[in-house]
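Chemist: Kindly return the folded structure for what I paste below:
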Amino acid sequence: MIVAQAKKTSAAESDTRIKSLITLIDTLTALVAEENVELAKGLPASRLKQVDEKNRLAEIFERTVAECAAGTTSLNVRDRILREQLLERIFKLRAAMDENLVRLRAAIEASNRRIEAVMQAIREQIAAVSPYGASGRVATRAVSSGTIRSA
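Modeler: Here you go, the predicted model:
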């Protein structure tokens, strides 16, 4: 009887852990989906409000997965429905993260293009007022034909 009670308690604790993990995955998936919507609008990745919370939740999730892989935590799911819910959530999270990766790469590339455009404009502005040419020598400025030169 004591063994049966211990198994029930263990199963209940396992179910609670699984439900907690499902809640974590749902929250993380929602945050990533929200971030994807904002990235789709063209917002730079650095201005997204979800980044800190997403990183915090992802760290908890990664730690849980690492504990399971190391065998320090067990997620024995005896309830078939609960197991299917967990797998469904994991697949949804994976899809959202795959989209997030694509969108973040696009945002980084767009930021790099903006930075390069600004740098090019600065280089052109500096070149226009610099007394030196590309060779490092004093550049000769073209003189318009309407300029009066006095000797």
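
Chemist: Check the model's average confidence along the helix or strand where residue 108 lies for me.
Modeler: In this assignment (DSSP states H and E), residue 108 forms part of helix 80-129. For helix 80-129, the mean pLDDT works out to 91.

Chemist: now swap in stretch 16-26 and tell me
Modeler: Per-residue scores along stretch 16-26 average to 93.

Chemist: For it, output the C-alpha coordinates as CSV.
Modeler: Extracted C-alpha coordinates of stretch 16-26, given in CSV (Å, rounded to 0.1, in the frame of the first residue of the first chain):
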residue,chain,number,x,y,z
THR,A,16,2.7,18.8,-12.2
ARG,A,17,6.2,19.3,-13.6
ILE,A,18,4.9,18.5,-17.1
LYS,A,19,2.0,21.0,-16.8
SER,A,20,4.5,23.6,-15.5
LEU,A,21,6.7,22.9,-18.5
ILE,A,22,3.7,23.2,-20.9
THR,A,23,2.9,26.6,-19.3
LEU,A,24,6.5,27.7,-19.8
ILE,A,25,6.5,26.6,-23.4
ASP,A,26,3.2,28.3,-24.1
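
Chemist: So what touches that stretch?
Modeler: When contacts are defined by C-beta atoms under 8 Å, 6 or more residues apart in numbering, stretch 16-26 is touched by residues 57, 60-61, 64, 73, 75, 77, 82-83, 85-86, 89-90, 92-93. All C-beta atoms are positioned from the backbone trio N, CA, C, and that covers glycine.
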